[in-house]
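**Q** Any chance you could fold what I've pasted below:
(2 chains)
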Amino acid sequence: MSNLRDIKRRIKSVRNTSQITKAMQMVASAKMRRAQELALRGRIYMSALANVLQHLGESLILRAGTPLMEERTDGRDLIIVVNTDKGLCGALNANLLREVLTNAPADACYLCIGNKLAGSLQRLGREVEGSFSLSDSPAEAELKPIFDMIRKGFDERRYARVFVAYQKFVNVMVQRPQIVKLVPVEPQELISVAEQGGMPDAPGIDADFLLEPTPELLLESVLHLYVTSMLVQLVLEGKASEQSARMVAMKSATENAKTLIDSLTLDYNKARQSQITNELLEITTAMKAME
Amino acid sequence: MPLHLKIITPLRTAVEEDVLSIRLPATAEQLEILPGHTALITAVAPGELSYTDAKHVSQSIFVGGGFLQVENDVALLVTDTALDADEVDPTSVNAAIEQARNRLRNEQSVLSREEQTRLEAIIAKQLAMIEYRNKRSRTPH
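**A** Numbers count the residues shown, from 1 in each chain, chains lettered A, B, ... in the order given. Okay, here's the model as predicted:
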């Protein structure tokens, strides 16, 4: 009897859990659609910006003049780790952490967007300078303090290079951990960003661009816009990956719960059946004894 | 050979079509681009961009600040906003202006120079948006 009640209780609790995971799956899939849209559209914008900036850079050769494009040797590397605020998204953060630990320079300092990895990095003895958490569809204004911090550190020559580690959104099932360089901006990267978004450079045209208002002002403002938009874009990619990973994780949790319920129900029915058989057996034995 | 116009914002590709001419607010003055224009990169101020499409019909759209690149008869405008007249929402525009003005008035002493410039730019952009809407709603095209 107690066995039957135990199984019933377990079925109930598993069913409750599956209802929760199912609800989380729905929430994540709704959020995912929006995040995915933002991330994919942003890629086109970034590629257009990269295209403009690349042409600007080519016709200027002013690279040493602008700090955001200047190669440096003094100062440390800063790595911005775009992880998630909440868990329950499969191995997303763990994979990102592994990528960071294997590929990032050892003496780098870290800045976390999302709270999940700040603790792990600190426990591993890495220097974490701060951690931010953002809303689900972050606007540029929300990232401004982060950008100001980078800019300041860069101008003060505390940072030599700034990298962003994030989960690139490939599709709903696949997210790829990546580390990309944010500043200094390199011409080669501009070309590859432009190509990724379907804005390849027209071959054979070496146009001499007319620049207005002045080349320096133009380069400075386009560069500034490019770096901020790039950071926004990478965070959006991270968000899209997060929601996809969470949806997939919750979906498989719901499915696991369902299999578990099925097998528990089978056990329950077996136990019930054997109990009935036992009772029948007892009754018939008693009847036989009385005859 | 017609001019190919592309207007790209973070949210969408607002316009992508062949046009005969484009008029837009550059930072210094109004700029008119015709096919065969020399290669150019320029900053663009918030305001009305109008163009004549392949059927000789004049079209217009509001663009926020950004950059225009003309190369080989392809005009690529990268901007933060692109809106049709009916997409401009006067209430939210007014609210944004009010908010920015309040911050400028009340927090003048604590705001950094950079922040002030940013707020002023927001106001200028929103005012341009309202102006565009008023103009367009009076003369429906």
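**Q** Could I get the full set of strands for chain A?
**A** A:76-82, A:109-113, A:127-132, A:159-169, A:175-183, A:210-212 (DSSP state E).
**Q** As CSV, the ones you listed with mean pLDDT and distance to chain B would be great.
**A** C-betas here are computed from N, CA, C, even on glycine. Output for the strands of chain A, formatted as CSV (pLDDT from 0 to 100; distance: least, Cβ to the nearest Cβ, whole Å):
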stretch, mean pLDDT, distance to chain B
strand A:76-82, 90, 17
strand A:109-113, 91, 18
strand A:127-132, 87, 19
strand A:159-169, 90, 16
strand A:175-183, 90, 17
strand A:210-212, 79, 4
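**Q** and the longest strand that chain B contains, how far from the chain's centre?
**A** Assignment by DSSP E gives strand B:13-25 as the longest strand of chain B. In this view, strand B:13-25 has its centroid 12 Å away from the chain centroid, taken as Cα atoms, centre = their mean, to the nearest Å.
**Q** got the contact list for it?
**A** A:44, B:2-8, B:30-35, B:44-54, B:56, B:61, B:63, B:68, B:75, B:77, B:82 (Cβ atoms under 8 Å, 6 or more residues apart in numbering or on different chains).
**Q** let's go with 6 Å and repeat that
**A** If you take Cβ atoms under 6 Å, 6 or more residues apart in numbering or on different chains as the criterion, strand B:13-25 is touched by B:2-7, B:31-34, B:45, B:47, B:49-54, B:75, B:82.
**Q** before we move on, the earlier item: JSON lines for the strands of chain A, including mean neighbour count?
**A** Listed next are the strands of chain A as JSON lines, based on neighbours: other Cβ atoms under 10 Å in any protein chain shown:
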{"stretch": "strand A:76-82", "mean neighbour count": "22"}
{"stretch": "strand A:109-113", "mean neighbour count": "23"}
{"stretch": "strand A:127-132", "mean neighbour count": "16"}
{"stretch": "strand A:159-169", "mean neighbour count": "23"}
{"stretch": "strand A:175-183", "mean neighbour count": "19"}
{"stretch": "strand A:210-212", "mean neighbour count": "17"}
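**Q** can you put those in CSV and add distance to residue A:38?
**A** Output for the strands of chain A, formatted as CSV (distance: least, Cβ to Cβ, whole Å):
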stretch, distance to residue A:38
strand A:76-82, 14
strand A:109-113, 16
strand A:127-132, 19
strand A:159-169, 10
strand A:175-183, 16
strand A:210-212, 31
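**Q** list the contacts for the residue most central in space within chain B?
**A** The residue lying closest to the centre of chain B (Cα atoms, centre = their mean) is residue B:63, at 2.0 Å. Contact analysis of residue B:63 by Cβ under 6 Å, 6+ apart lists B:49, B:79, B:82.
**Q** returning to what we had before: what's the following helix or strand after the longest strand of chain B?
**A** strand B:30-33 (DSSP states H and E).
**Q** list the buried ones in that following strand?
**A** By neighbour count with 16 or more other Cβ atoms under 10 Å in any protein chain shown, strand B:30-33 contains the buried residues B:31, B:33.
**Q** about what we covered before: per-residue confidence for the residue nearest to the centre of chain B?
**A** pLDDT for residue B:63: 90.
**Q** Any part of the one helix or strand residue B:102 maps to near chain A?
**A** Counting by DSSP H and E, the element that carries residue B:102 is helix B:90-106. No - shown here: helix B:90-106 not in contact with chain A (Cβ under 6 Å from any Cβ of the partner chain), separated by at least 11.9 Å.
**Q** For that helix, give the mean pLDDT please.
**A** Rounded mean pLDDT across helix B:90-106 is 84.
**Q** And residue A:40, how close does it get to residue B:10?
**A** Distance from residue A:40 to residue B:10, counting by Cβ to Cβ, to the nearest Å: 11 Å.
**Q** before we move on, what about residue A:167?
**A** Distance from residue A:167 to residue B:10, by Cβ to Cβ: 20 Å.
**Q** of the contacts of residue B:63, closest to residue A:102?
**A** residue B:79 (39.7 Å; Cβ to Cβ).
**Q** if we can go back for a sec, is any part of whatever helix or strand comes next after the helix holding residue B:102 close to chain A?
**A** As assigned by DSSP H and E, the chain's next helix or strand after helix B:90-106 is helix B:113-138. No - applying Cβ under 6 Å from any Cβ, one finds helix B:113-138 out of contact with chain A, separated by at least 8.8 Å.
**Q** for helix B:113-138, packing partners?
**A** For helix B:113-138, the helices and strands in contact under the criterion 3 or more Cβ pairs under 6 Å, 6 or more residues apart in numbering or on different chains; DSSP states H and E are helix B:90-106.
**Q** By proximity to chain A, which residue of chain B wins?
**A** residue B:39 (3.6 Å; Cβ to the nearest Cβ).
**Q** And residue A:256, how close does it get to chain B?
**A** 38 Å (Cβ to the nearest Cβ, to the nearest Å).
**Q** Could you report the neighbour count for that residue?
**A** 14 (other Cβ atoms under 10 Å in any protein chain shown).
**Q** next one: residue B:89
**A** For residue B:89, using other Cβ under 10 Å, the count is 13.
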